[in-house]
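K.L.:
starting from these lines, generate the structure:
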Amino acid sequence: FYRLLKYSIKNILRNKFLSFSSVLVLILLMFFVNILMVMHNLSNSLIDSINSKLTISLYLKDEYNSQHPDVLKLMNDIESNFKNIDLEYLSKEAVLENMRKKSEELVNIVKSVNPLPSTINLSNIKINQYESLNKIIEWKIYLLTEFKQNSNSSVEYRNQYNRIIKVITILKTLKIALYIIIFIFLMSIFIITYSIIWNFIYHYRDEIYITKLVWWSNVFIYGPFIFQGLIYSLISFILSFVLYL
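P.N.:
Numbers count the residues shown, from 1 in each chain. Predicted coordinates for the structure are as follows:
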């Protein structure tokens, strides 16, 4: 081990410029990998932040309320299967009162008739739960009405779900793209390290040929080059980490 390490250091010092340039390139690549990992963490935070703002509102038909067995079954199924999801039931009166807090004038237009439906609000849904949640809601889709906010905008459940799925697909695509970029950089580090060591082997091919003629083993011939690659990688990792910090 000592002799292999000794000859690997000797190889590094024999071509200082190539060693310096090799370490420099590896430092830059490893530094960018660190930056990409920061972007990965930021993307997770961004996804969680966006997802926390995504809510689903289930608007019930007039003949259904929180006391109806089918509505109770729907809410119980959601709460039992998804412990983290926040479920809130709002009666027609509660929905109207919430609207009153936001816009008194809008409530005055409604006058004596309350056209707002009873609502089940779902929030704090994890990204990987939407499909399973959708299956449960689809079984009770007959409970829901197509509530229109205005003449051009429908907030019917399936419209909400499709919009959320589109957002989630975009977020997942961005995350996969980031993983691909990180993988490319890691492969580049491996390929460059391999190329550097191969250049050293090619440069010292005459010495390698002579050592083979005198029956030296492959471990002793190529071992120093393997150690050399490890030393380059270790030095580059330490310096890139210091630069990153």
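
K.L.:
tell me which stretches of the protein form helices.
P.N.:
Read by DSSP state H, the chain holds these helices, from start to end of the chain: 2-14, 16-52, 69-81, 92-102, 104-110, 130-139, 157-203, 205-213, 218-244.

K.L.:
identify the residues contacting Leu122.
P.N.:
Residues near Leu122 by C-beta atoms under 8 Å, 6 or more residues apart in numbering: 55-58, 78, 85-87, 133. For the C-beta atoms, the positions are set from N, CA and C on the backbone; glycine is no exception.

K.L.:
find the nearest non-adjacent residue to it, please.
P.N.:
For Leu122, ignoring the flanking residues on the chain, the nearest one in space by C-beta to C-beta, 6 or more residues apart in numbering is Ile56 at 4.4 Å.

K.L.:
closest one to Leu116 among the helices of the chain?
P.N.:
Proximity to Leu116 (C-beta to C-beta) singles out helix 92-102 among the helices of the chain, at 4.5 Å.

K.L.:
give the other helices and strands that that closest one contacts.
P.N.:
Helix 92-102 is packed against helix 104-110, with contacts defined by 3 or more C-beta pairs under 8 Å, 6 or more residues apart in numbering; DSSP states H and E.

K.L.:
that older thread, out of the helices of the chain, which comes closest to Thr145?
P.N.:
Ranking those by proximity to Thr145 (C-beta to C-beta) places helix 157-203 first, at 9.3 Å.

K.L.:
who are the packing partners of that closest one?
P.N.:
Judged by 3+ C-beta pairs under 8 Å, 6+ apart, helix 157-203 is in contact with helix 16-52, strand 56-59, helix 130-139, helix 218-244.

K.L.:
show me where pLDDT drops low in the protein?
P.N.:
Scanning the chain for pLDDT under 70 picks out 103-113, 147-155.

K.L.:
one step back: isn't the residue nearest to Leu122 up against Asn159?
P.N.:
No - counting by C-beta atoms under 8 Å, Asn159 is not a contact partner of Ile56; they are 10.8 Å apart.

K.L.:
neighbour count for those two, which is higher?
P.N.:
Ile56 (19 against 12; other C-beta atoms under 10 Å).

K.L.:
ok, that one - contacts?
P.N.:
With contact taken as C-beta under 8 Å, 6+ apart, Ile56 is in contact with 121-123, 125, 133, 157, 160-161, 164.

K.L.:
in ChimeraX, how would I select the buried members of those residues?
P.N.:
Selection of buried members from the contacts of Ile56 for ChimeraX, criterion 16 or more other C-beta atoms under 10 Å:
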select :122,125,133,157,160,161,164
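
K.L.:
which of the contacts of Ile56 sits closest to Leu144?
P.N.:
Among these, and counting by C-beta to C-beta, the member closest to Leu144 is Tyr157, at 5.3 Å.

K.L.:
run a quick check on that closest one versus Ile136, I expect a contact.
P.N.:
No - look at Tyr157 against Ile136 with C-beta under 8 Å: they stay out of range, at 11.8 Å.
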